[in-house]
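In: Return atomic coordinates for the entry below.
(one chain, ligands or ions: 1)
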Amino acid sequence: MEQKKQNPKAEDETQIVSRRIQRISLHITPIPRPLHDHDSNLEPAKYFAIVEAIGAVDISLGIKLGVQYSLWGGSVINLGTKKHKDKYFEKIDSLEYPGCFAMTELHHGSNVQGIQTVATFDPITDEFTINTPNDGAIKWWIGNAAVHGKFASVFAKLMLPTHDAKGVSDMGVHAFIVPLRDLKTHQALPGIEIHDCGHKVGLNGVDNGALRFTSVRIPRDNLLNRFGDVSRDGKYTSSLPTINKRFAATLGELVGGRVGLASSSVGVLKIANTIAIRYSLLRQQFGPPKQPEISILDYQSQQHKLMPMLASTYAFHFATVYLVDIYSQMKITHNEQLVGDVHALSAGIKAYVTSYTAKSLSVCREACGGHGYAAVNRFGTLRNDHDIFQTFEGDNTVLLQQVAADLLKQYKEKFQGGTLAVTWNYLRESMNTYLSQPNPVTSRWEGAEHLQDPKFQLDAFRYRTSRLLQSAAVRLRKHSKILGGFGAWNRCLNHLLTLAESHIESVILAKFIEAVEKCPDPNSQAALKLVCDLYALNRIWNDIGTYRNVDYVAPNKAKAIHKLTDYLSFQVRNIAKELVDAFDLPDHVTRAPIAMQSEAYAQYKQYVGF
Ligand SMILES: Cc1cc2nc3c(=O)[nH]c(=O)nc-3n(C[C@H](O)[C@H](O)[C@H](O)COP(=O)(O)OP(=O)(O)OC[C@H]3O[C@@H](n4cnc5c(N)ncnc54)[C@H](O)[C@@H]3O)c2cc1C
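Out: Purely as a prediction, here's the structure:
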């Protein structure tokens, strides 16, 4: 079937990104290529570092790489078996087989189990037939589909013929390798209709496409059969007993994409911080009478905008390093107990970090005044390209609900006297700390010195989470009697989202405190301690109403927290240059003329043509 012409505006950008990927694939060989690391489970950390670094230069390029290696490559390797690896691995790795990950449909995104594409087994020909049964089932937003993809892992309901009145039996969502284009002519193959999804708000270097399948035949071997298989005579086998368990196992294998997005989002936040802070140090406006103008970073308001953000960037850095670390352990050890942790943490950290970064990009733009609005200074592109991080690889609101559900499941099991389902560190430890939080401790912590005590800070974070958890459980129980489980969940939804965010903030703070404690160099440790205190106290101050309502902090303590937060912002301002320099982002990566370490204005004027 004819392939529709690509959106002309997007064409240039997709070609540039495609050329860049080819170059990377050729020149990155001294470092093991992403998929090797990913697959051999040696060092996923290296792969995520590569994607983060590449995303810092061009987010479209980072995402396009992610589509090729994490999504298309990751689905083949993680959902398939040896025969798939033998046939596809090298060619995916070398880019000979560019591919897509085709899950979302026009009518279903977050609710993946609602997808309608079908793959029906034909025992006579030993093939599956892939069909798009209605327009709502057209695969939509599929990265790499509009121009470059030659294959796709297509998620579809596996249908087996039966002898009863229904004629088929639905075995649930499975993934299938479907060739999209002829390997030589690059024309779309028979039965496959491809359209470009049109110009987007950002990420126009990625060719997102829509796919319709009409009786597309693929061999039985193209079923990615790690969690469910069909024999030559049409019998279905799986080590997992139910559709829901198979579905959970399938999605569980795809968490790597989320881990990568969380790391990349921190990379974007580092870039934005670097540009905004370097410029704020250089830019001077006003000053005391008859004295030189002062740097805009010396204004308390500018410190208030940027210093807690810088502290959050450090906090997120350590949290994502931890996430990558437990993801790597999971991949290396294949320890089942780690799966639950990685699943819940990757959902929560991805949601929390990407939402924060998206908001921060606007703050940074505004903090740089008019020059922040010049396209060359990058905030517009960063904001537009990054914005969708909040939606793909799982919509943030949906992901946070998974975190809340995990916490409540653990809570229930604990109270029913059962053993906790997840016995590895993170969920078990979190639950134990939440359940052992004492009542308000206004009297326990006298004076103001303890505000910088990590124990006070962690207690405060965990106390808030613990209250939210216990009250959510009570409310859900009450409402479910009348509204049923779904209705009760919806009635408590905002509460549950706050619970999930509060929990993730507790995890992030705990990891930051650990990083400070482990820092080997005393000077760096002192600097990190300041930054960590600012992160913790700013969060407490942001939620001071909650702490006051339950009398966790007395009015004078609330005042002290506010005062100290401002003071810490000022202290962090004094080391802000060193703190952003430590991100080690050279000028040719940040690229914004206003952030150039030498001759920022000269570079900027030159850009305009002076
Ligand atoms: C640029 C881009 C690239 C993409 N690349 C790919 C790709 O390569 N492959 C692929 O398969 N998909 C891809 N996607 C699709 C992406 O994964 C989906 O957009 C995402 O999963 C969200 O689904 P949706 O768009 O249907 O949103 P919806 O699920 O319709 O969500 C819309 C709104 O409803 C809210 N909502 C939905 N459910 C709930 C709930 N249970 N509780 C509360 N609120 C809810 C959400 O929070 C959101 O605000 C891409 C999307 C874009 C835009």
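In: And the residue of the stretch 301-450 of the chain that's closest to the ligand?
Out: With Cβ to the nearest ligand atom as the measure, residue 397 is the residue of the stretch 301-450 of the chain nearest to the ligand, at 3.4 Å. Every residue, glycine included, has its C-beta placed from N, CA and C.
In: check contacts around that residue.
Out: 351, 497 (Cβ atoms under 8 Å, 6 or more residues apart in numbering).
In: quick one: the residue of the stretch 101-250 of the chain found nearest the ligand from residue 512, how far?
Out: When scored by Cβ to the nearest ligand atom, the stretch 101-250 of the chain has residue 109 as its residue closest to the ligand, at 1.8 Å. In this view, residue 109 and residue 512 are 33 Å apart by Cβ to Cβ, to the nearest Å.
In: These two: which is more packed in?
Out: In this comparison of residue 109 against residue 512, neighbours counted by other Cβ atoms under 10 Å, the higher total goes to residue 512 at 28 against 18.
In: what's the more buried one in contact with, if anything?
Out: 314, 315, 318, 319, 532, 535, 536.
In: Quick check: pLDDT value at the residue of the chain positioned farthest from its centre.
Out: Relative to the centre of the chain, and counting by Cα atoms, centre = their mean, the farthest-placed residue is residue 290 at 50.0 Å. We note a pLDDT of 96 for residue 290 in this prediction.
In: Might you report the residue contacts of it?
Out: For residue 290, counting by Cβ under 8 Å, 6+ apart, there are no contacting residues.
In: How much space separates it from residue 336?
Out: Here the distance between residue 290 and residue 336 works out to 71 Å (Cβ to Cβ).
In: Also residue 267?
Out: Note on residue 267: its distance to residue 336, by Cβ to Cβ, is 31 Å.
In: Which one's more surrounded, the two?
Out: Between residue 267 and residue 336, counted using other Cβ under 10 Å, the more crowded position is residue 267 (29 against 11).
In: do the helix or strand where that one lies and the ligand meet?
Out: Secondary structure here is read from DSSP states H and E; on that basis residue 267 sits in helix 256-282. No. Helix 256-282 stays out of contact with the ligand when judged by Cβ under 6 Å from any ligand atom, the minimum separation being 9.4 Å.
In: just to revisit the earlier point, from what I see, the residue of the stretch 101-250 of the chain closest to the ligand and residue 393 are in contact.
Out: No. Using Cβ atoms under 8 Å, residue 109 makes no contact with residue 393, being 11.3 Å away.
In: ok so, going back, where does the residue of the stretch 301-450 of the chain closest to the ligand fall, secondary structure wise?
Out: Under the assignment given by DSSP H and E, the secondary-structure element containing residue 397 is helix 396-415.
In: State the pLDDT value of the residue of the stretch 301-450 of the chain closest to the ligand.
Out: What the model reports as pLDDT for residue 397 is 98.
In: likewise residue 567?
Out: Among the per-residue scores, residue 567 shows a pLDDT of 96.
In: before we move on, what about the one 5 residues further on?
Out: At residue 572 the predicted local distance difference test score is 98.
In: which residues does the residue of the stretch 451-600 of the chain found nearest the ligand contact?
Out: Across the stretch 451-600 of the chain, no residue is closer to the ligand than residue 493, which sits at 6.5 Å (Cβ to the nearest ligand atom). Contacts here follow Cβ under 8 Å, 6+ apart; on that basis residue 493 touches residue 401.
In: 10 Å instead, please
Out: 397, 400, 401, 404 (Cβ atoms under 10 Å, 6 or more residues apart in numbering).
In: where along the stretch 201-350 of the chain do the strands fall?
Out: In the stretch 201-350 of the chain, the segments counted as strands under DSSP state E, counting those that start in this stretch are 208-213, 216-219, 229-230, 236-237.
In: Would you convert those strands into TSV that also reports mean pLDDT, distance to residue 202 and mean neighbour count?
Out: Below are the strands of the stretch 201-350 of the chain laid out as TSV (pLDDT from 0 to 100; distance: least, Cβ to Cβ, whole Å; neighbours: other Cβ atoms under 10 Å):
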stretch	mean pLDDT	distance to residue 202	mean neighbour count
strand 208-213	98	11	25
strand 216-219	98	32	17
strand 229-230	97	40	19
strand 236-237	96	42	12
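In: In a markdown table, list these along with distance to the ligand.
Out: Shown next, in a markdown table, are the strands of the stretch 201-350 of the chain (distance: least, Cβ to the nearest ligand atom, whole Å):
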| stretch | distance to the ligand |
| --- | --- |
| strand 208-213 | 5 |
| strand 216-219 | 17 |
| strand 229-230 | 23 |
| strand 236-237 | 24 |
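In: helices or strands up against the host helix or strand of residue 49?
Out: Counting by DSSP H and E, the element that carries residue 49 is helix 44-57. Where contact means 3 or more Cβ pairs under 10 Å, 6 or more residues apart in numbering; DSSP states H and E, helix 44-57 is packed against helix 8-27, helix 34-40, helix 59-66, helix 256-282, helix 300-333, helix 379-387, helix 587-590.
In: and it, which residues are buried?
Out: Neighbour counts using 16 or more other Cβ atoms under 10 Å place 44-52, 54-57 of helix 44-57 among the buried residues.
In: Quick one: work out the angle between that helix and helix 59-66.
Out: Taking axes from the mean of the first three to the mean of the last three Cα atoms, to 10 degrees, one finds helix 44-57 and helix 59-66 inclined to each other by 150 degrees.
In: Distance of residue 301 relative to residue 155?
Out: 49 Å.
In: Those two: which is more packed in?
Out: Neighbours around residue 301 and residue 155, counted as other Cβ under 10 Å, are more numerous at residue 155. The numbers are 23 against 9.
In: Show me what the more buried one is bridged to.
Out: Listed by DSSP bridges, the beta-bridge partners for residue 155 are residue 175.
In: just checking, residue 488 touches residue 473?
Out: No. Counting by Cβ atoms under 10 Å, no contact exists between residue 488 and residue 473, whose distance comes to 11.0 Å.
In: ok so, going back, report the rounded mean pLDDT for the helix holding residue 49.
Out: What helix 44-57 shows for mean pLDDT is 86.
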